[in-house]
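[1] need coordinates for the following:
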Amino acid sequence: MWRGIEEHLGSEQVSRVVYGAIIGMALIVVLEHHPPTAGVTTATLVATALAVALAELYSDWIGHVMKHRGGFQRRDLHHIAADVSAVAIGIVFPDIFFLLATFGVMELDTAFTVAKWSGLALITLYGYAAGRLSGESRGRSALQALAVTGIGIALIGFKALVH
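    Below you'll find the model as predicted:
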């Protein structure tokens, strides 16, 4: 298990998961003000993940074709699909809490709170892991994690100021 985690943390998909997690957090922060049902929130996150994934797939394909002047192989699609999947996973990461709310295991307000803060924790942990894997000290890695955490706090804070 640790080897799989280490492989994942050393892959290019880490940045894509963080990107997706930030999109998911932004959506949750917006939906929280006038929350739909838990099921609608789940469907909205899945639909957003699909839309962003398809946009990513198309834009990566176009970029690849333009860069390589038309050359596109099956292995290229595999690499692009891995990146696209990572973004989608980052977006739907908080869906587990809304599924729990759909089945009455937790309240909808609690699902929004846990989804928001777990998204913040996810991007913080990825920020720290990125620093450590790049050879930075624990202190510098923590500073890197705090910097990326600032993005999530800005999203949450902006919502609090606007509403």
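
[2] for Val14, give me its contacts.
    8, 86, 126, 129-130 (CB atoms under 8 Å, 6 or more residues apart in numbering). All C-beta spots, glycine's among them, are computed from the backbone N, C-alpha and C.

[3] let's go with 6 Å and repeat that
    Residues near Val14 by CB atoms under 6 Å, 6 or more residues apart in numbering: Tyr126.

[4] that one sits in which helix or strand?
    helix 13-33 (DSSP states H and E).

[5] buried residues, that helix. List them.
    13-14, 16-29, 31-32 (16 or more other CB atoms under 10 Å).

[6] so which elements touch the very next helix or strand once past it?
    Where DSSP H and E defines the elements, the next helix or strand beyond helix 13-33 is helix 38-67. Where contact means 3 or more CB pairs under 6 Å, 6 or more residues apart in numbering; DSSP states H and E, helix 38-67 is packed against helix 74-92, helix 95-102.

[7] helix 38-67 versus helix 74-92: what angle between them?
    150 degrees (axes from the mean of the first three to the mean of the last three CA atoms, to 10 degrees).

[8] related to what we said a few turns ago, distance between the helix holding Val14 and the chain's centre?
    5 Å (CA atoms, centre = their mean, to the nearest Å).

[9] from now on call the first residue 138
    Done: numbering now begins at 138, and the last item shifts to helix 150-170.

[10] before we move on, back to that, rank the helices and strands packed on helix 175-204 by pLDDT, which is bottom?
    Among the helices and strands packed on helix 175-204, helix 211-229 carries the lowest mean pLDDT, a mean of 87.

[11] contact partners for the residue sitting nearest the centre point of the chain?
    Central residue of the chain (CA atoms, centre = their mean): Ala158, 1.9 Å from the mean position. Going by CB under 6 Å, 6+ apart, Ala158 touches 227, 230, 256, 259-260.
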